[in-house]
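> next input, structure requested:
(one chain, ligands or ions: 1)
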Amino acid sequence: MDKMALLLLISSLTVVFTLGHGSLPLVINTWPFKNATAAAWSTLQSGGSVLDAVERGCARCEMEQCDGSVGYGGSPDETGETTLDAMIINGDTMEVGAVADLRRIKNAISVARAVMEHTEHTLLVGESASVFAENMGFIAEDLTTNNSIQIFSQWLKGNCQPNYHKKVFPDPSKSCGPYKPRAAPRRNKRAHHGMMRSHDTIGMIALDEEGHLAAGTSTNGMTHKVPGRVGDSPIIGAGAYADSSAGGAAATGDGDVMMRFLPSYLAVELMRAGADPSAACKTAISRIKRHYSEFFGAIICANTTGHYGAACNKITGFSQFHYMVSNSESDTPLLKSVDCF
Ligand code: SD4
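Purely as a prediction, here's the structure:
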């Protein structure tokens with residue numbers, strides 16, 4: 001091979017290498033929760049694993065309550081109680097730990113990790129999950145705050161509006177419960193609640209230079225939810241999914257609808273089949289849109305080379321979705337946005 005041909009070969013290999021490798025390591029999370037991104041990034045930088053990064057990143061949001069939608073003191077249910085959902089996934093081993101309807105424990109993501117590391121189970125729920133957490137050394141405390149009490153009492157004063165009941169008596173669009181089933185449906189369409197768009201779960205994906213991948217979620221769910229309600233966030237393939245041989249994804253939005261489509265699983269499988277992250281995210285959203293054109297939701301996707309993307313469903317008041325990225329291109333977390341479609 002002459003010198004020129006060799007040079008050409010080397011430069012084309014360089015192009016392939018550059019295109020094939022996004023920037024690693026990578027941390028990406030839903031919404032502009034910058035401190036969570038920074039916490040995850042610094043965990044990776046100081047030699048922590050991708051699981052440590054996801055745990056610390058989400059825990060940061062739980063401590064700071066992010067915008068009120070993660071951790072204690074947010075989204076009181078119909079009895080005024082805050083309950084938490086969280087999940088963590090090891091994309092190398094496909095081990096998963098999750099908690100749902102967790103009561104009285106602030107650090108839900110770490111309880112999820114304890115489920116993964118100290119049991120053979122995947123998901124623990126409700127009171128029993130709290131007992132497990134206490135046995136694991138987590139402190140039980142009241143998750144109520146002045147803010148959650150105020151949200152709850154305003155809601156009671158406003159005849160329990162909005163709420164998530166349908167086909168019941170008394171009319172849930174006018175009165176508080178308790179409700180009984182009503183035979184003849186008056187309204188079949190689910191009412192859309194204005195507060196949904198101010199409600200922002202953290203979903204996070206972390207990928208290191210060796211290709212280890214983890215993902216996680218943490219949320220306090222939906223304000224005024226029916227007690228016992230569990231959203232998409234602690235459900236594998238719905239709230240998040242990660243497989244180190246394909247990619248990771250995490251969703252946010254109306255979990256009651258989104259979890260019916262396993263959007264995170266779908267996005268990861270599309271990336272496995274070669275779709276780029278933005279296209280994979282878009283298809284996952286489109287699949288839901290076909291049935292629920294007005295659903296509130298967004299998803300982030302990252303493939304194994306550190307390329308990433310996001311997509312969201314365009315509805316009134318939600319036309320752009322913001323998310324955070326940290327990678328070797330910048331020392332500080334970068335705010336990214338995508339136009340909803
Ligand atoms: C849930 N998906 O519990 C969560 C809430 C959320 O943006 O992500 N809101 O349904």
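> what pLDDT does whichever residue of the stretch 101-250 of the chain sits closest to the ligand get?
Proximity to the ligand, evaluated over the stretch 101-250 of the chain using Cβ to the nearest ligand atom, is greatest for Gly231 at 2.4 Å. Placement of C-beta: from N, CA and C, glycine included. pLDDT, Gly231: 96.
> just Thr43 next, same as before
98.
> which residues are contacting the helix or strand containing it?
Per DSSP states H and E, Thr43 falls inside helix 34-45. With Cβ atoms under 8 Å, 6 or more residues apart in numbering as the test, helix 34-45 has contacts from 25, 27-29, 50, 52-54, 56-61, 64, 66, 202, 204, 206, 208, 324-326, 332-333, 335.
> hang on, the earlier thing: so the residue of the stretch 101-250 of the chain closest to the ligand: helix, strand or coil?
coil (DSSP: H, G, I helix; E, B strand; the rest coil).
> thinking it is in contact with Met259, fair?
Yes. Contact status for Gly231 versus Met259: in contact at 6.8 Å, counting by Cβ atoms under 8 Å.
> so where's the stretch 101-250 of the chain uncertain?
For the stretch 101-250 of the chain, the stretches with pLDDT under 70 are 184-199.
> residues from it in reach of the ligand?
By the rule Cβ under 6 Å from any ligand atom, the part of the stretch 101-250 of the chain lying against the ligand is 199-201, 219, 221-222, 231-233.
> a markdown table please, covering those and showing distance to Thr144 and neighbour count.
Converted to a markdown table, those look like this (distance: Cβ to Cβ, whole Å; neighbours: other Cβ atoms under 10 Å):
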| residue | distance to Thr144 | neighbour count |
| --- | --- | --- |
| His199 | 18 | 23 |
| Asp200 | 20 | 22 |
| Thr201 | 20 | 31 |
| Thr219 | 17 | 31 |
| Gly221 | 15 | 27 |
| Met222 | 17 | 21 |
| Gly231 | 20 | 28 |
| Asp232 | 24 | 31 |
| Ser233 | 21 | 32 |
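> filter the contacts of helix 34-45 to the buried ones?
25, 27-29, 50, 52-54, 56-61, 66, 202, 204, 206, 208, 324-326, 333 (16 or more other Cβ atoms under 10 Å).
> and the host helix or strand of Val96, what does it pack against?
Per DSSP H and E: Val96 is located in strand 95-102. Packed against strand 95-102 by the contact rule (3 or more Cβ pairs under 8 Å, 6 or more residues apart in numbering; DSSP states H and E) you find strand 84-90, helix 108-118, strand 123-125, helix 126-135.
> show me which positions of the longest one end up buried.
Going by neighbour count (16+ other Cβ under 10 Å), the buried part of helix 108-118 is 108-116.
> please name the residues that touch Val54.
Val54 neighbours (Cβ under 8 Å, 6+ apart): 40, 88, 109, 204-206, 214-216.
> and it, helix, strand or coil?
helix.
> which stretch of helix or strand covers the residue nearest to it when sequence neighbours are not counted?
Excluding the flanking residues, the one nearest Val54 by Cβ to Cβ, 6 or more residues apart in numbering is Gly216, at 4.0 Å. Element membership of Gly216 [criterion: DSSP H and E] is strand 213-219.
> just checking, what packs against the helix or strand following that strand?
Later in the chain than strand 213-219, the nearest helix or strand by DSSP H and E is strand 240-243. Contact here means 3+ Cβ pairs under 8 Å, 6+ apart; on that basis strand 240-243 packs against strand 84-90, strand 202-207, strand 213-219, strand 247-253, helix 263-272.
> tell me the pLDDT of the nearest residue to Leu207 once chain neighbours are set aside.
With Cβ to Cβ, 6+ apart as the criterion, Leu207 has its nearest non-adjacent residue at 4.5 Å, and that residue is Leu26. pLDDT for Leu26: 97.
> I figured Leu26 was touching Glu329, is that so?
No. If you go by Cβ under 8 Å, Leu26 and Glu329 don't touch, sitting 9.8 Å apart.
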